[in-house]
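K.L.:
Quick check, what structure comes out for this input:
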Amino acid sequence: MDLEIILGVFLIFMTGLVFSPLGLGGGIIFMPILHYLLGWEIKIAILGSLILVWSVAMGSQIAHNRQGFGDIKIAKKGCLFAIPGAIIGTVIGYLLIEIINDITIKIMALSIVSWILYKAVIRMINKEDITGEPIGEMNKGLWSTGVFFGGMSSGLLGIGGGGIFVTTNRNYGGFDTKSASGTSFMLASMVVPTAIISHILIDKSFFQLYEQATMFGIIVPFLISLLSFSGAKYAVNYLPVKFITSLFIIIISLSMIKYAQEIVVYLI
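P.N.:
Next comes the predicted model:
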């Protein structure tokens, strides 16, 4: 087995383990791993990332739910906005790749990740996340809009939308940090399958994904779901909120750097 594959699988497992308490599926890291490290075509990497994100979401949301973190009723309401967003995002992504270039997807990914990073840094500077208490009350309009764009990012970029879901839940949903994460995973576990099915039907990348991943790749989503469950079960109770937020910022920053490097090279 090639060193790149071994390293890629290791990083995928570690991403699922580390992201599980953050309310994130890890797509912002899975995408660069599959595309840059393993050399998968962008549309195949998007579908592969979504499957991994769903595995993380399923394992993590069970752990969060058992601890009482998350609101399934709110998550179901959010699906009314996020699921159409996922379908629209898939269509837009397909058209952009086919008509223009996959660099458009990477520019959008960088933009969304930059916004998520900005919101996280602001919270750290203002010490809003130190206690983990809710930042504000529910604003249905802004929350629904944020959830819609979270779903759209799932279909468009293969990132699951967790970063947007968590940020939206914290700023406009009236959730504390842990409940925002739990609700984010509940949303992702219901929305990401729509994005997966949409990609299979629209860009027909499933068989290409199977050829790239091989039989061994079928085992990975199952294992990462178990790791995510374990990570969420431990971290959600014992890791300080400040540490979780700091780790979130570091990982997001690494993803931004890789996207920015390729965009700069392309433009030059």
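
K.L.:
When you work out contacts or count neighbours from here on, use the C-alpha atoms and nothing else.
P.N.:
OK.

K.L.:
Which elements pack onto the strand or helix carrying Met256?
P.N.:
Assigned by DSSP states H and E, Met256 falls within helix 241-267. Here helix 241-267 touches helix 27-32, helix 103-125, going by 3 or more CA pairs under 8 Å, 6 or more residues apart in numbering; DSSP states H and E.

K.L.:
Those helices: which one's closest to Ala232?
P.N.:
Checking these against Ala232 by CA to CA gives helix 27-32 as the closest, at 16.6 Å.

K.L.:
and the helix or strand following the closest one, which residues are buried?
P.N.:
Once the chain leaves helix 27-32, the next helix or strand it forms, by DSSP H and E, is helix 42-66. Neighbour counts using 16 or more other CA atoms under 10 Å place 42-65 of helix 42-66 among the buried residues.

K.L.:
just how off-centre is helix 42-66 within its chain?
P.N.:
Helix 42-66 has its average C-alpha position 8 Å from the chain's average C-alpha position, going by CA atoms, centre = their mean, to the nearest Å.

K.L.:
Now for Leu17, which secondary structure element holds it?
P.N.:
helix 3-19.

K.L.:
Please put the alpha-carbon coordinates of that helix into CSV.
P.N.:
Output of helix 3-19 as CSV, limited to C-alpha atoms (Å, rounded to 0.1, in the frame of the first residue of the first chain):
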residue,chain,number,x,y,z
LEU,A,3,2.5,5.8,1.8
GLU,A,4,0.1,8.5,0.6
ILE,A,5,-2.9,6.1,1.1
ILE,A,6,-1.7,5.1,4.6
LEU,A,7,-1.2,8.8,5.6
GLY,A,8,-4.5,9.7,4.1
VAL,A,9,-6.4,7.1,6.0
PHE,A,10,-4.6,8.0,9.2
LEU,A,11,-5.5,11.7,8.8
ILE,A,12,-9.1,10.8,7.9
PHE,A,13,-9.4,8.8,11.2
MET,A,14,-7.8,11.5,13.2
THR,A,15,-10.1,14.2,11.7
GLY,A,16,-13.2,12.2,12.6
LEU,A,17,-11.8,11.8,16.2
VAL,A,18,-10.9,15.4,16.7
PHE,A,19,-13.9,17.0,14.9
